[in-house]
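Asks: Have a look at this prediction, sequence included:
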Amino acid sequence: MNAFTPFQFNCGIEVKNRFVKAAMEENMSEPNQLPGTALKNLYASWAKGGVGLIITGNVMVDKLAMTGPGGVVLEKDTPVKAFREWSEIAKQNDTKVIMQINHPGRQVFKKMGGKVLSPSDVALDMGKHSGLFTAPKAMTEEEIQDVIQRFENTALRARDAGFDGVQVHSAHGYLLSQFLSPLTNKRNDEWGGELANRARLLLEVIQRVRIACGTDFIVSVKLNSADFQRGGFDVEDAIQVVKWLNDSSLDFIELSGGSYEAPAMQGKSGDERTLAREAYFLTFAKRIAEHSNIPVMTTGGVKRLPVANEVLSSGMDLVGIASALAYDPALVNKWTVNADFEGFIPNTGWKDKTLSGLANMALVKRQLRNLGKGKRPSRSSSPLISLIIDQIRAAKLTKRYRKQFID
């Protein structure tokens, strides 16, 4: 078995190979936070590029809780025409597509406004950059139930729009992973305390999504292998959560890691643990996968075919590729003719980890926008100039977003 071997999910849907375009934050929506021409062009390039499965960038379940001003939102009453066109384009070339659905919780930039919720009122610790974020309020029971309903609503609308499934985002420090972490969940009710209570929200969301969407629809979870912060959600916690997930009807679990405070998903841990140069989380994922009855995928830093095959030979069922596909959407097709071809991932080595992480994200998003415009990505883009462009663009999009929904 290698990465070009087909794979069938428990729900019956089959993908043509094991390569998955993992989620990246695009911030490319049109007004009203809808997908438009740029996103469709981008996803067409990935579908034509050879991956078996595409996971979208995170689609928000609440227009008043956004990770970024150019994000896509799909709510109960959102018209689905643009989403249906998006899914149809992403499904060309026998490609399957699932929508990643998400709520940011406390990871909302202060300039955005809107809801800043978390299990507890624990603010982000970003050092001198902490002021970029608003301190969250602890969620009420009514707000927790509203979030559960929103995940269900968005999943149903994704199905209506022709997507093959959804991925519930419970990693990278967003709301569901905030409930899992003892650093951010200080509650003493049924949603906090011991891990079983901290995992309750995730398990409830999964159950509601599956019941609502049926058995012939991919349901996945993105879970941190660890959040790479001392005293936080760690590998042993992830193993226990996976054991509980074994009793659900998930089609696969994607293992990643990190948060805004410790951007391990960019290869940088916050607790000085060493991450691999490629396939960052494979060491942790192998430990966790031993306890999973559900297919497992891991993402983080893959840019070479031998590494992709190593991931699969280590017990994973699927291999996620993200940044390398921003720089070369046809990477998988190229591997079919040249197994030694090496993709590219930017690595801004600035001392300020926060700015370095933002610069890496800006570089990737710049290439995504190039693809959306029908242009070629560039490996030589300046991190500083890309960050400045991204900040200017974000300011314009924030102004547009606030005018439409906040002010």
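Replies: In hand now; what should we look at?

Asks: since we're on the nearest residue to His129 once chain neighbours are set aside, how many residues are nearby?
Replies: Leaving aside its sequence neighbours, His129 sits nearest to Thr354 (CB to CB, 6 or more residues apart in numbering; 4.7 Å). Using the backbone N, CA and C atoms, a C-beta is placed for each residue, glycine as well. Other residues near Thr354 come to 17 when the count uses other CB atoms under 10 Å.

Asks: again, but for Leu183
Replies: Leu183: 19 neighbours (other CB under 10 Å).

Asks: quick revisit: the residue nearest to His129 is in what secondary structure piece?
Replies: helix 353-372 (DSSP states H and E).

Asks: next helix or strand past that helix?
Replies: helix 383-405.

Asks: Could you figure out how far that following helix is turned away from helix 353-372?
Replies: With axes from the mean of the first three to the mean of the last three CA atoms, to 10 degrees as the basis, helix 383-405 and helix 353-372 are set at 80 degrees to each other.

Asks: How about exporting helix 383-405 as PDB, limited to the C-alpha atoms?
Replies: Extracted in PDB, the C-alpha atoms of helix 383-405 (Å, rounded to 0.1, in the frame of the first residue of the first chain):
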ATOM      1  CA  PRO A 383       8.000  37.600   4.400                       C
ATOM      2  CA  LEU A 384       8.000  41.300   5.500                       C
ATOM      3  CA  ILE A 385       6.300  42.600   2.400                       C
ATOM      4  CA  SER A 386       3.800  39.700   2.500                       C
ATOM      5  CA  LEU A 387       3.000  40.500   6.100                       C
ATOM      6  CA  ILE A 388       2.500  44.200   5.400                       C
ATOM      7  CA  ILE A 389       0.200  43.400   2.400                       C
ATOM      8  CA  ASP A 390      -1.700  40.900   4.600                       C
ATOM      9  CA  GLN A 391      -2.200  43.500   7.400                       C
ATOM     10  CA  ILE A 392      -3.400  46.200   4.900                       C
ATOM     11  CA  ARG A 393      -5.700  43.700   3.300                       C
ATOM     12  CA  ALA A 394      -7.000  42.500   6.700                       C
ATOM     13  CA  ALA A 395      -7.800  46.100   7.700                       C
ATOM     14  CA  LYS A 396      -9.800  46.700   4.600                       C
ATOM     15  CA  LEU A 397     -11.700  43.400   5.000                       C
ATOM     16  CA  THR A 398     -12.300  44.200   8.700                       C
ATOM     17  CA  LYS A 399     -13.800  47.500   7.800                       C
ATOM     18  CA  ARG A 400     -16.100  45.700   5.300                       C
ATOM     19  CA  TYR A 401     -17.000  43.000   7.800                       C
ATOM     20  CA  ARG A 402     -17.800  45.500  10.600                       C
ATOM     21  CA  LYS A 403     -19.900  47.600   8.300                       C
ATOM     22  CA  GLN A 404     -22.000  44.600   7.300                       C
ATOM     23  CA  PHE A 405     -22.400  42.800  10.700                       C
END
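
Asks: Which strands and helices lie in contact with that helix?
Replies: Where contact means 3 or more CB pairs under 8 Å, 6 or more residues apart in numbering; DSSP states H and E, helix 383-405 is packed against helix 353-372.

Asks: which secondary structure elements does the helix it packs on contact?
Replies: Packed next to helix 353-372, using 3+ CB pairs under 8 Å, 6+ apart, are helix 37-49, helix 323-327, helix 383-405.

Asks: Pull out the buried positions in the last one.
Replies: I take that to be helix 383-405. Along helix 383-405, these residues count as buried under the neighbour rule (16 or more other CB atoms under 10 Å): 383, 386-387, 389-390, 393-394, 397-398, 400-401, 405.

Asks: now it: mean pLDDT?
Replies: Mean per-residue pLDDT for helix 383-405: 96.

Asks: ok but Trp244 is inside a helix, no?
Replies: Yes: counting by DSSP: H, G, I helix; E, B strand; the rest coil, Trp244 is located in a helix.

Asks: quick one: it and Arg200 touch, right?
Replies: No: judged on CB atoms under 8 Å, Trp244 makes no contact with Arg200 at a distance of 9.8 Å.

Asks: show me the contacts for the nearest residue to Ala161 once chain neighbours are set aside.
Replies: The spatial neighbour of Ala161 that comes closest, neighbours along the chain excluded (CB to CB, 6+ apart), is Phe83 at 3.7 Å. Taking CB atoms under 8 Å, 6 or more residues apart in numbering, we find Phe83 in contact with 34-35, 74, 157-158, 161-163.

Asks: switch the cut-off to 10 Å
Replies: 34-35, 56, 59, 72, 74, 99, 157-158, 160-163 (CB atoms under 10 Å, 6 or more residues apart in numbering).

Asks: Neighbour-wise, give me the winner out of those.
Replies: The most crowded member of those, judged by other CB under 10 Å, is Met99 (30 neighbours).

Asks: where's that residue relative to Val108, distance?
Replies: 21 Å (CB to CB, to the nearest Å).

Asks: What of Asp164?
Replies: For Asp164 relative to Val108 (CB to CB), the value is 29 Å.

Asks: all helices in this protein, in order from the N-terminus.
Replies: 37-49, 81-90, 141-160, 175-180, 195-198, 200-213, 235-245, 282-289, 305-313, 323-327, 331-337, 353-372, 383-405 (DSSP state H).

Asks: Could you export those helices to TSV, including columns for distance to Met297?
Replies: What follows is these, written out as TSV (distance: least, CB to CB, whole Å):
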stretch	distance to Met297
helix 37-49	16
helix 81-90	18
helix 141-160	19
helix 175-180	17
helix 195-198	23
helix 200-213	16
helix 235-245	13
helix 282-289	9
helix 305-313	9
helix 323-327	15
helix 331-337	15
helix 353-372	20
helix 383-405	28
